[in-house]
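1. Attaching a predicted model along with its sequence, questions to come.
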Amino acid sequence: MNSILKQPTKVRIAAAVLLVAGAAGAVALMRGSPAQSSESKPAPQAAAKPAAAAAPAAGVKPPAVATLGAVQVDRDELQRQLQALPPQARAQLKDNRAGLDQWLRARLAEKALIEQARVQGWQDKPEVKRAFQAAQEQILMQSYLESVSRAPDDYPTEADLASAYERAKPQLAQPALYRVSQIFLPAPLGDAEAVAAARKQAQELVKRAQAPKADFAALARANSQDASSREQGGDIGFLPLAQLTPEMRPAVEQLKTGDVSAPVQSAAGFHILKLADLRPASVTPFDQVKGELRAALRSQRQELAARAYLEGLLNAGTVSIDGAALNAAFEQTAAAPATGGAVASAKP
């Protein structure tokens, strides 16, 4: 049997977190807890912290790290880019000089292209101005909406987390894990001669493996034809029953720790199985998923608060939609020649 990947626990945790987050966030809003708003309670101005390094004097440009003609990537720009990376990615990039050089070259090409566009007045084109305005409005809207819908600092409480964990337990359940070792003898079902020879060899190996003080690992190294587990003494690691072949599952489930099975025939051949260890079924501990639960509940709470805030804006006044003007807009759009959003080509 080829090596089998273990079922990732994080997938189950993420699914459970998403399942309980919606209900927990809705309950929290129904309690009437107001969303924390930067508008209603401006944060006190933080005391200025001493700079890690002296800032360059006014009018003095930071030193260039890379240049291409008149354009450059200076030290400050590089530092901003590096600070935006996760610590692990930043550490990896530090040791990857080729990757860092590639990024610098790409950034220089971008800045050179931007400079060419500016020289040709590309920023003054109506369609570009509209795109600038749309991007600015989107950033402004998202930033402000996030500020007025942010969950309170004390949410979720320990009680909220405990309740969410209880609801998520069915999804956080981990099946029993069986640590199985095997001796595999290939024998395709269609080859009667090979099946007979492999069955005889398997029966002899079972007798040796079930003998007192038998060394199953040594027998596996000497006889197993499964390259992925042979060198490990036949050990295929901890696996749930679902990841074993259908023929193996009943045999493994009936074994006690340390027992060796009778030969198990599959479409590929014969398997002699030993149960080395067993981890009973369990539920992922609360402390292990607490951080993910907290993040998911806060995110869901903010999403619900944002929707409520937008609905409040609509309900604060009377919405009027001119159907005639709406239809006219569609008609004019259909009649106008299609532009496809194309931008005129640059002058050589």
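-> Alright, I've got the coordinates.
2. surely R199 meets F270?
-> Yes - at 6.3 Å, R199 counts as touching F270 under the criterion of C-beta atoms under 8 Å. C-beta here means a position set from N, CA and C on the backbone, and glycine is covered the same way.
3. Quick check: neighbours shared by the two?
-> Common neighbours of R199 and F270 are listed as 187, 263 (criterion: C-beta atoms under 8 Å, 6 or more residues apart in numbering).
4. More neighbours: the two, which one.
-> For R199 and F270, the more surrounded residue by other C-beta atoms under 10 Å is F270, and the numbers stand at 25 against 16.
5. chain center to the one helix or strand that one maps to: distance?
-> Here F270 sits within strand 269-279, counting by DSSP states H and E. Averaging C-alpha positions (C-alpha atoms, centre = their mean, to the nearest Å) puts strand 269-279 33 Å from its chain's average.
6. and it, average pLDDT?
-> In this model, strand 269-279 has a mean pLDDT of 97.
7. With stretch 163-170 instead?
-> Averaging pLDDT along stretch 163-170 gives 94.
8. for stretch 300-311, which positions count as buried?
-> By neighbour count with 16 or more other C-beta atoms under 10 Å, stretch 300-311 contains the buried residues 300-302, 304-306.
9. To clarify, my last question referred to stretch 228-239.
-> Those would be 229-230, 232-239, for stretch 228-239 by 16+ other C-beta under 10 Å.
10. As a markdown table, the residues you listed with pLDDT and secondary structure would be great.
-> Shown next, in a markdown table, are these (pLDDT from 0 to 100; DSSP: H, G, I helix; E, B strand; the rest coil):
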| residue | pLDDT | secondary structure |
| --- | --- | --- |
| S229 | 95 | helix |
| R230 | 95 | helix |
| Q232 | 96 | coil |
| G233 | 96 | coil |
| G234 | 97 | coil |
| D235 | 97 | strand |
| I236 | 96 | strand |
| G237 | 95 | strand |
| F238 | 96 | strand |
| L239 | 96 | strand |
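11. Taking those residues, tell me the two that lie furthest apart.
-> Farthest apart among these by C-beta to C-beta are R230 and F238. That separation is 18.5 Å.
12. Look up how far I321 lies from A328.
-> As judged by C-beta to C-beta, to the nearest Å, A328 and I321 stand 13 Å apart.
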